[in-house]
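Novice: All I have is the shape, not the residue letters:
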């Protein structure tokens, strides 16, 4: 299993992105850590994650998927600190 960070700039304020959020959750064990940032534990590789999520975003939205190496720090994230410590 690998841990990835997925960050997004969702630029269409009128779009319902619930299908995108469901698609992120369907990738594997995940937590939302900031408003537009998730950490996902999955067997799916970064380029395949990006291709999969591309189907759920608009042309002017932005997407970044990066593999985590276990080193991180944070302040005031949305998810539980212990979850992050255990899954990075």
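Specialist: Looks like it arrived, so ask away. What you see is a predicted model; the values in this text were computed from it and never measured. Numbers count the residues shown, from 1 in each chain.
Novice: Residue 33 is in contact with residue 75, isn't it?
Specialist: No - using CB atoms under 8 Å as the test, residue 33 is too far from residue 75 to be in contact (11.1 Å). Every C-beta, even on glycine, is put in place using the N, C-alpha and C of the backbone.
Novice: Those two - which one has more neighbours?
Specialist: Between residue 33 and residue 75, residue 33 has the larger neighbour count (other CB atoms under 10 Å), namely 20 against 4.
Novice: and the gap between the nearest residue to the more buried one once chain neighbours are set aside and residue 39?
Specialist: Closest residue to residue 33 apart from its sequence neighbours, by CB to CB, 6 or more residues apart in numbering: residue 77 at 4.5 Å. Computed as CB to CB, to the nearest Å, the residue 77 to residue 39 distance reads 9 Å.
Novice: Can you tell me the strand partners of the strand ranked longest in the chain and which way each runs?
Specialist: Ranked by residue count under DSSP state E, the longest strand found in the chain is strand 2-9. Sheet pairing here is set by DSSP bridges, and for strand 2-9 it gives strand 37-42 (antiparallel), strand 62-67 (antiparallel).
Novice: which ones are touching the closest residue to residue 5 other than its chain neighbours?
Specialist: Setting aside the residues directly before and after it, residue 5 is nearest to residue 66 in space (CB to CB, 6+ apart), at 5.0 Å. Applying CB atoms under 8 Å, 6 or more residues apart in numbering, one finds that residue 66 lies in contact with 4, 5, 46.
Novice: Adding distance to residue 53, neighbour count and pLDDT, write those residues out as a markdown table.
Specialist: Listed next are the contacts of residue 66 as a markdown table, based on distance: CB to CB, whole Å; neighbours: other CB atoms under 10 Å; pLDDT from 0 to 100:
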| residue | distance to residue 53 | neighbour count | pLDDT |
| --- | --- | --- | --- |
| 4 | 11 | 22 | 95 |
| 5 | 13 | 18 | 95 |
| 46 | 11 | 16 | 95 |
